[in-house]
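**Q** Below: sequence and its predicted model.
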Amino acid sequence: MKKALSICLLLGLLAACTSYRQEASVPKTIGFTDLPKIQLAVSDIEVANEYKPTMADPNVDHLANPTPTAVLQSWVKDRLQAKGSNQFKARVIIRDASITDNKLPVAEGWRGWFVNEEANRYTGKMAISVEIVRPDGYVEAYVSAKAEESRTTKENARLTDKENAWFDLTQAMAQSVNAELEKQIKVNFGPILTPQS
């Protein structure tokens, strides 16, 4: 009887683990291909990534799918277009693309058995700038944008719950950065912008 009960418990645990794995990592994308190109009168667009993931706690941005860095790189590809014959170039600098996991205090002891509290706060940050650089290296004009978002998950959060939180805050930051950069480019770049074809 004890042996049968042990086998049942073991099978139950294995089924739970299998179910947990199957719920993880449903691919999602964040892109801007549905928006018109921002045309710049430059001969080239380069991306410099100054943000270096720590790949260690409390950072979890390297676990997100897509990562904030990848989303910002997609923004450059989807939104910016070099359309000029001069020697000016556009330089996009990714300064921050992080998500950190901040542990929240939860009830302990017998009270903790009866409540399911918010246990993790994930905070994402994005910072990016776009510079127009002359052949001599002088920065003719620049714009920048920052965004910060937070999401929380509960004590019993599954991996998919965490992934959804990372995705949601990354998407919200990307939308904010996109709107701010588009506005600033139109205001500050002036003749560096070329007419939409």
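**A** Cool, got the structure. Numbers count the residues shown, from 1 in each chain.
**Q** how about stretch 30-37: buried residues?
**A** Buried residues in stretch 30-37, counted by 16 or more other CB atoms under 10 Å: 30, 32. For glycine as for every other residue, the C-beta is placed from the backbone atoms N, C-alpha and C.
**Q** now for it, what's the gap between its first and last residues?
**A** By CA to CA, to the nearest Å, the extent of stretch 30-37 from end to end equals 16 Å.
**Q** who's in contact with that stretch?
**A** Under the criterion CB atoms under 8 Å, 6 or more residues apart in numbering, residues 66, 71, 74-75, 78-81, 167, 170-171, 174, 178, 196 lie in contact with stretch 30-37.
**Q** ok, 7 Å please
**A** Residues from elsewhere that reach stretch 30-37 (CB atoms under 7 Å, 6 or more residues apart in numbering): 66, 71, 74-75, 78-79, 81, 170-171, 174, 178, 196.
**Q** So which of those residues sit within helices?
**A** Here DSSP state H is the test, and the contacts of stretch 30-37 give 71, 74-75, 78-79, 170-171, 174, 178 as lying in helices.
**Q** Let me know the closest of those to Pro105.
**A** Using CB to CB, Thr170 comes nearest to Pro105 of the ones in helices among the contacts of stretch 30-37, at 25.9 Å.
**Q** And the pLDDT for that closest one?
**A** Model confidence at Thr170, given as pLDDT, is 98.
**Q** quick one, what contacts it?
**A** 30, 64, 68, 71, 124 are the contacts of Thr170 under CB under 7 Å, 6+ apart.
**Q** Look at the residue nearest to the second one when sequence neighbours are not counted and tell me its secondary structure.
**A** Put plainly, it is Ala64. Residue nearest to Ala64 in three dimensions, not counting chain neighbours: Trp166, with 4.0 Å by CB to CB, 6 or more residues apart in numbering. Here Trp166 is recorded as helix under DSSP: H, G, I helix; E, B strand; the rest coil.
**Q** Please report how far Trp166 lies from Ser98.
**A** 11 Å (CB to CB, to the nearest Å).
**Q** okay, the two: which has more neighbours?
**A** Neighbour count, other CB atoms under 10 Å: between Trp166 and Ser98, Trp166 has more, with 24 against 21.
**Q** Give me the below-cutoff pLDDT ranges for the protein.
**A** The model of the chain has pLDDT under 70 over residues 1-27, 106-117, 195-197.
**Q** Quick one: the helices in it, in order.
**A** With DSSP H as the criterion, the chain has helices spanning 2-23, 68-79, 109-112, 159-188.
**Q** what angle do the longest one and helix 68-79 make?
**A** Just to be clear, that refers to helix 159-188. On the basis of axes from the mean of the first three to the mean of the last three CA atoms, to 10 degrees, helix 159-188 is oriented at 40 degrees to helix 68-79.
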